[in-house]
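A.B. asks: fold the following for me, if possible:
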Amino acid sequence: MNYPGPSDYIDIHNHGSKASPGIFTIETLMAHEGREPVDLEGITFTIGIHPWYLDEGNKGLLLEKVKELAGNPNVAAIGEAGFDRIRGASPFLQKEIFEEQVIISENCHKPLVIHCVRAWDELLTEHKRLRPKMPWLVHGFRGKPELAAQLITKGMYLSFWFEFVMRPESAPLLKSVPVDRIFLETDGADIDIRDIYEKVSSDLEIDEDLLKTRIYSNFCSFFDPPPPLKGGKNPLLWV
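C.D. replies: Numbers count the residues shown, from 1 in each chain. This next block holds a predicted model:
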């Protein structure tokens with residue numbers, strides 16, 4: 001996979017990315033789209049099954065697509081996978097396919113990117129039950145500091161919803177999250193990731209270059225986790 005440099009702005013979750021000097025982007029491929037990861041300067045990819053585009057008729061084909069591309073060297077992570085109580089497949093099917101993607105994440109030793117809307121109990125229950133070794137990143141987060149703390153306690157990283165993070169009222173949440181668990185994203189919106197970094201560094205009262213360095217360190221930790229333990233493997237995940 002391609003890697004950013006310490007001075008790059010990292011956009012951890014985007015759709016329809018284009019290469020831009022000084023910006024490193026994680027481009028999200030969704031299995032139903034039929035797009036392929038390619039070798040592009042400044043861009044790497046995730047592949048996953050979004051709960052909005054999942055049904056009983058396509059689940060098998062989508063899972064095969066994720067399994068096919070999971071080992072591609074230009075794929076850095078699995079996802080976005082997850083739960084959505086407002087839109088998408090039935091809760092039972094969302095849970096089934098989420099678990100399948102966790103298994104793929106564990107077996108290919110790549111982290112998981114998560115979409116979660118009003119389904120935090122489901123997400124935390126799955127994390128407790130499956131005990132993943134690979135790190136999880138919740139993208140588009142805009143919840144309460146108490147929820148953020150609960151997710152971080154489980155070892156998860158958070159990327160904040162682009163629109164929320166630009167509002168003045170996002171500052172208390174930003175300040176409540178340890179900098180070593182933060183990522184920033186544009187999620188395909190017409191917004192510049194550099195403007196998001198500027199706003200967040202101001203809220204955190206740290207130099208923007210220091211924020212870039214910290215998020216680069218988070219990137220290295222998230223995408224290069226230590227190898228799984230040889231003993232004590234969870235039989236639900238390891239085959």
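
A.B. asks: from here on, contacts and neighbour counts on C-alpha atoms
C.D. replies: Noted.

A.B. asks: longest strand in this protein, by residue count?
C.D. replies: Using DSSP state E, we find that the single longest strand of the chain is strand 75-84.

A.B. asks: now for it, which elements pack on it?
C.D. replies: If contacts are counted by 3 or more CA pairs under 8 Å, 6 or more residues apart in numbering; DSSP states H and E, strand 75-84 sits against strand 23-30, strand 43-48, helix 59-70, helix 91-107, strand 112-117, helix 120-130.

A.B. asks: okay, now the unreliable bits of the protein?
C.D. replies: Low-confidence segments of the chain (pLDDT under 70): 226-239.

A.B. asks: taking the centroid of it, which residue is nearest it?
C.D. replies: Geometric centre of the chain, nearest residue: Val113, 2.8 Å, by CA atoms, centre = their mean.

A.B. asks: beta-bridge partners for that one, please?
C.D. replies: Leu137 (DSSP bridges).

A.B. asks: wait, doesn't it sit right on Gly140?
C.D. replies: No. At 10.4 Å, Val113 does not count as touching Gly140 under the criterion of CA atoms under 8 Å.

A.B. asks: shared neighbours of those two, anything?
C.D. replies: By CA atoms under 8 Å, 6 or more residues apart in numbering, Val113 and Gly140 have no common neighbours.

A.B. asks: quick one on the thing from earlier: so the longest strand of the chain versus strand 112-117, what angle?
C.D. replies: For strand 75-84 against strand 112-117, the angle by axes from the mean of the first three to the mean of the last three CA atoms, to 10 degrees is 20 degrees.

A.B. asks: how big is the angle separating strand 75-84 from strand 23-30?
C.D. replies: 60 degrees.

A.B. asks: strand 75-84 to helix 120-130, inter-axis angle?
C.D. replies: Using the same axes, to 10 degrees, the inter-axis angle of strand 75-84 relative to helix 120-130 is 130 degrees.

A.B. asks: strand 75-84: partners in the sheet, and parallel or antiparallel?
C.D. replies: Strand pairing (DSSP bridges) places strand 75-84 next to strand 43-48 (parallel), strand 112-117 (parallel).

A.B. asks: for the last one, list the C-alpha coordinates in CSV.
C.D. replies: What it means is strand 112-117. Listed next in CSV are the C-alpha coordinates belonging to strand 112-117 (Å, rounded to 0.1, in the frame of the first residue of the first chain):
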residue,chain,number,x,y,z
LEU,A,112,-11.8,-2.3,10.0
VAL,A,113,-13.5,1.0,9.1
ILE,A,114,-17.0,1.3,10.6
HIS,A,115,-20.2,3.1,9.7
CYS,A,116,-22.5,3.3,12.7
VAL,A,117,-25.8,5.3,13.0
